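K.L.:
generate coordinates for the sequence data below:
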Amino acid sequence: MAEKIVEQDPESTDPPLPAIDDKSLQGIFQTLFLAKLKDLKDVRATCLNFDLVSEATRNKRIAQCGPELMKASVEPIAALVEKGQEEGAIDKDLDSRSLVRTLVALYFGLVMQKVLEPDLDIDALCQTFFSALGQPEGE
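P.N.:
Modelled structure (predicted):
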């Protein structure tokens, strides 16, 4: 499965990323990840990724696909971050790929918590996280 994902043309399987009006990190996160976090079906579907990661610890063939899988996930979002940097919504001195990996880490951490606690208030957690970064909601 991992090899098929790496071999596929991303254009043929993934819908194009949506247009994002708010190009801050919070805006990108809200547009790409927040709706998925609120839908328990999407949350459960995302858990297949945890199975893949777990199997990569035991299976060298799957582990070898890891860098390409991450690249396929990170690169399109990094392009959005870079556009946000060009427009001044995100600090230009920050590495775009590191920012994306941080957003992905936040997403997967919240997925894990939502599976274990379905009534978790995702909005409150996201607001707290972005407020702690100095980017309160709506700014």
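
K.L.:
helix or strand with the lowest mean pLDDT in this structure?
P.N.:
Lowest on mean pLDDT, DSSP states H and E among the helices and strands of the chain sits helix 10-13, with a mean of 47.

K.L.:
what helix or strand does the residue nearest to residue 70 when sequence neighbours are not counted sit in?
P.N.:
Leaving aside its sequence neighbours, residue 70 sits nearest to residue 101 (Cβ to Cβ, 6 or more residues apart in numbering; 7.9 Å). For the C-beta atoms, the positions are set from N, CA and C on the backbone; glycine is no exception. Element membership for residue 101 (DSSP states H and E) is helix 96-116.

K.L.:
helices and strands around the helix or strand following that helix, which ones?
P.N.:
Using DSSP H and E, the helix or strand that directly follows helix 96-116 along the chain is helix 122-132. If you count contacts as 3 or more Cβ pairs under 8 Å, 6 or more residues apart in numbering; DSSP states H and E, helix 122-132 packs onto helix 25-29, helix 96-116.

K.L.:
how about low-confidence regions in the chain?
P.N.:
1-16, 135-139 (pLDDT under 70).

K.L.:
find the centremost residue of it, please.
P.N.:
A centroid search over the chain (Cα atoms, centre = their mean) returns residue 104, at 3.3 Å, as the residue closest to the centre.

K.L.:
just checking, the residue nearest to residue 70 touches residue 74?
P.N.:
Yes - Residue 101 sits in contact with residue 74 when judged by Cβ atoms under 8 Å, with a separation of 6.3 Å.

K.L.:
what about the two, which has more around it?
P.N.:
residue 74 (19 against 16; other Cβ atoms under 10 Å).
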